[in-house]
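A.B. asks: got a predicted model here, sequence first, then my questions.
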Amino acid sequence: MQESTRRDFMKTAGAASVGTAALSATSYAAVQGANERINVGIIGPGGMGSNHIRTLVTQKDVRITHVCDVDRLRLAAAAKNAAQDGREPATTGDMRRLLENKDVAAVFIATPDHWHAPASILALDAGKHVYVEKPCSHNIREGRLMIEAARRARKVCQVGTQSRSTEMNMTAMRMIHEGAIGEVLSVRVWNSQLRRNIGRMKPSDPPAALDYENWIGPAPMIPYQANRGHGIWRWWHHFGAGDMGNDGVHDLDVAVWGLQVDTHPSTIAALGGKYFFDDDQEFPDTQTVIFDWPSVGKNNRKKQMIFEQRIWTPYKIGGYENGCAFFGTNGMFIVGHSEGWRLYGPRNKELKTVTGGANLLAHHRNFFACVRNGIRPAADIEIGHLASSLCHLGNIATRVRRVINFNPKTEEILNDKDAAPMVRRTYRDHWGRPRGV
Ligand SMILES: NC(=O)c1ccc[n+]([C@@H]2O[C@H](COP(=O)([O-])OP(=O)(O)OC[C@H]3O[C@@H](n4cnc5c(N)ncnc54)[C@H](O)[C@@H]3O)[C@@H](O)[C@H]2O)c1
C-alpha cells in the first residue's frame, strides 16, 4: 500500500476501530487489490438503502453491480439511482441470484430488521463482506449466529451504527476513556421523537408490485396489512424492534462505548407501554429501562445504564433530541446523536462544546478499508450484537413487566419461563431460515 493511502486508511479505519484485529492470517491473501474497484450489491434499497446508494455512487473505488428488492417499483427506482458512468446495475427480486454472482465482493443489507440476520448469514456463507443495518438482528440468538457466520467466513461484517466512524464521537469517546470526567459508572440515554399514529387497519391484498411471500421471508406468515408495510413494519414484533431498536440503538451503542463495557448486562428492569398512541403499534411509545453490570472494567466496578424513550415529544432534552449523558466522578459529558457534544466539569462548568453530524460516508470508508485490508471494522458485528441485544433485552423486560436476569456468557434469560423464549423466535419453513436458530 502507498504511504499516503496507508495514512488515510489509518485515519478512517484504524482510528475508528476498537478492534483492529485481522480477520485471519489467511484472509489477507483473499483481500481486494488496492486499485481494484469493489463490486457491491444492495439488498433492500428502500429508505435507508437509498441513502446508501446516494453515498456509494460518490465513491470512485466502488461499483454498484446489483440491486435487489422484493418491491418491483422500488427496484426500478433504485437501479436508476445507482447508475454509474451511465450504466445501471443488474436487478433482481431474489437475493440468492445476487449472492451467487462471484463478481460481487460485498453487500449492503437495508431490509426490515427481520431479514438482517437471514440475509447476512446467507451473504457471509456465500463469501461476501457484509454491511448490515442496525439493529443487526431481530433477536438475541440471531446476533450470535451472525458473529459465528462472520468468523467462519473470515469476512468483514460492519453494522450500520455510523457514530462509530464519526470523528466527533471518536474524539468524545477518547476523552472519556482518558478520564476527562473522571471515572464513569453511569450513563443516561434518551430518545425523544415525534412519531406518527399508524392507525388501526385490517388485512388487505398486498400491492401488485410487492412479492409479499419473500418480504415476509422466514418470519411467521401473517396477512398483508398496509400499516405493516414499508417503513412502518418497525412497530410490529414480527418485523422490528420498536424505536429502541430503531433510533435508540445508535445511542445505546455510544453508551456502551463510553462506559467501556464489553459484555451484556446481567440485570434488566423496565416499565413502559402505549401511553399516547391509540393505534396498532405493538411496541411501547413510553419506556424506561435500567441495565446493570456487575463488577466490570479495570477498577472492577458495577456500572449502570438508564434508557428513556418517548416517541410523542417534539422537543429536545438538554439541547439534543437523542443522546447520552455520561456521569463521571469529576464531570458530565453529553453526547448528542448527530448533533455534537458538551463537556461539563464540577458544578456544571461548561468546558467545551462541539457541533457536527453523523458521518455515513466515513462509515462506508471504514468498511471498504477493512475489506481491502482484512481487518475488523469500527462497528464489527460483535459490537453491533452488544448494542442490539440491549434493545431486545429492554423490550423483553418491558413486555413481561418485571426484572429479568441474564447470563451474558450463555445469552439466556434465567428463571423466567415467559421471558426466556424471547431471546429467539419461531420461523416458518423458508429458504432464508438460518441454520441453528
Ligand atoms: N443507520 C441509520 O441511520 C438508519 C436510518 C434509517 C433506517 N435504518 C435501518 O435501515 C433498515 C431499513 O429501514 P427503512 O426505513 O429504509 O425500511 P424500508 O421499509 O423503507 O425499506 C426496506 C426495503 O427492503 C425491501 N425488502 C424487504 N424484504 C426484502 C428481501 N427479502 N429482499 C430484498 N429486499 C427486501 C423492501 O421492499 C424495502 O424496499 C432498517 O433496519 C432500519 O433500522 C438505518
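C.D. replies: All right, it came through fine.

A.B. asks: mind listing what the residue of the chain found nearest the ligand touches?
C.D. replies: Distances between the chain and the ligand by Cβ to the nearest ligand atom are smallest at residue 46, namely 2.1 Å. C-beta here means a position set from N, CA and C on the backbone, and glycine is covered the same way. Applying Cβ atoms under 8 Å, 6 or more residues apart in numbering, we find residue 46 in contact with 69, 71, 74, 110-111, 230-231.

A.B. asks: just for this structure, where's the confidence low?
C.D. replies: Where the chain drops to pLDDT under 70, the residues are 1-34.

A.B. asks: hey, which helix is longest across it?
C.D. replies: The longest helix of the chain (DSSP state H) is helix 381-400.

A.B. asks: what's the following helix or strand after that one?
C.D. replies: The first helix or strand that comes after helix 381-400 along the chain, using DSSP states H and E, is strand 404-407.

A.B. asks: next up, phi/psi of residue 414, please.
C.D. replies: When read as degrees, to the nearest 10, the backbone of residue 414 gives phi -90, psi 140.

A.B. asks: hey, what's it bridged with?
C.D. replies: Judged by DSSP bridges, the bridge partners of residue 414 are residue 405.

A.B. asks: from residue 265, how far out is it?
C.D. replies: Residue 414 is 13 Å from residue 265, where distance means Cβ to Cβ, to the nearest Å.

A.B. asks: between those two, what contacts are shared?
C.D. replies: Residues touching both residue 414 and residue 265 (Cβ under 8 Å, 6+ apart) are residue 406.

A.B. asks: more crowded one of the two?
C.D. replies: residue 265 (26 against 12; other Cβ atoms under 10 Å).

A.B. asks: write the ChimeraX selection for whichever of the contacts of residue 46 are buried.
C.D. replies: Of the contacts of residue 46, the buried ones can be selected in ChimeraX as follows, counting by 16 or more other Cβ atoms under 10 Å:
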select :69,71,74,110,111
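
A.B. asks: so which of the contacts of residue 46 also contact the ligand?
C.D. replies: Filtering the contacts of residue 46 for proximity to the ligand by Cβ under 6 Å from any ligand atom leaves 69, 71, 74, 110-111, 230-231.

A.B. asks: of those, which belong to helices?
C.D. replies: residue 74.

A.B. asks: now, which of the ones next to the ligand among the contacts of residue 46 sits nearest residue 333?
C.D. replies: residue 110 (31.2 Å; Cβ to Cβ).

A.B. asks: residues contacting the closest one?
C.D. replies: By Cβ under 8 Å, 6+ apart, the residues touching residue 110 are 42-49, 52, 133, 160.

A.B. asks: need the CA coordinates for stretch 290-298. PDB is fine.
C.D. replies: C-alpha atoms of stretch 290-298 as PDB (Å, rounded to 0.1, in the frame of the first residue of the first chain):
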ATOM      1  CA  ILE A 290     -32.400   0.100  33.600                       C
ATOM      2  CA  PHE A 291     -29.400  -2.100  32.800                       C
ATOM      3  CA  ASP A 292     -27.000  -3.200  35.400                       C
ATOM      4  CA  TRP A 293     -23.500  -4.700  35.000                       C
ATOM      5  CA  PRO A 294     -21.800  -6.400  37.900                       C
ATOM      6  CA  SER A 295     -18.100  -5.500  38.600                       C
ATOM      7  CA  VAL A 296     -16.600  -4.800  35.200                       C
ATOM      8  CA  GLY A 297     -13.600  -2.800  33.900                       C
ATOM      9  CA  LYS A 298     -10.200  -2.200  35.200                       C
END
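
A.B. asks: rewinding a little: strands - which of the contacts of residue 46 land there?
C.D. replies: Among the contacts of residue 46, no member falls in strands (DSSP state E).

A.B. asks: quick check, nearest of the contacts of residue 46 to residue 239?
C.D. replies: Nearest to residue 239 among the contacts of residue 46: residue 111, at 9.8 Å, using Cβ to Cβ.

A.B. asks: what about the closest residue to the closest one other than its chain neighbours, how many residues nearby?
C.D. replies: Spatial nearest neighbour of residue 111, chain neighbours left out: residue 44 (3.5 Å); criterion: Cβ to Cβ, 6 or more residues apart in numbering. For residue 44, the neighbour count with other Cβ under 10 Å is 28.

A.B. asks: quick check: residue 44 touching residue 71?
C.D. replies: No: in this structure, residue 44 is not within contact of residue 71 by Cβ atoms under 8 Å, at 9.4 Å.

A.B. asks: am I right that residue 323 sits in a helix?
C.D. replies: No: assigned with DSSP: H, G, I helix; E, B strand; the rest coil, residue 323 falls outside any helix and is strand.

A.B. asks: so what's it closest to, chain neighbours aside?
C.D. replies: residue 336 (4.2 Å).

A.B. asks: ok, how many other residues are close to that neighbour?
C.D. replies: Residue 336 has 27 neighbouring residues, counting by other Cβ under 10 Å.

A.B. asks: got the contact list for it?
C.D. replies: Contact analysis of residue 336 by Cβ under 8 Å, 6+ apart lists 319-323.

A.B. asks: out of the contacts of residue 110, who's nearest residue 90?
C.D. replies: When these are ranked by distance to residue 90 (Cβ to Cβ), residue 42 comes first, at 11.1 Å.

A.B. asks: thanks again, I'm all set now.
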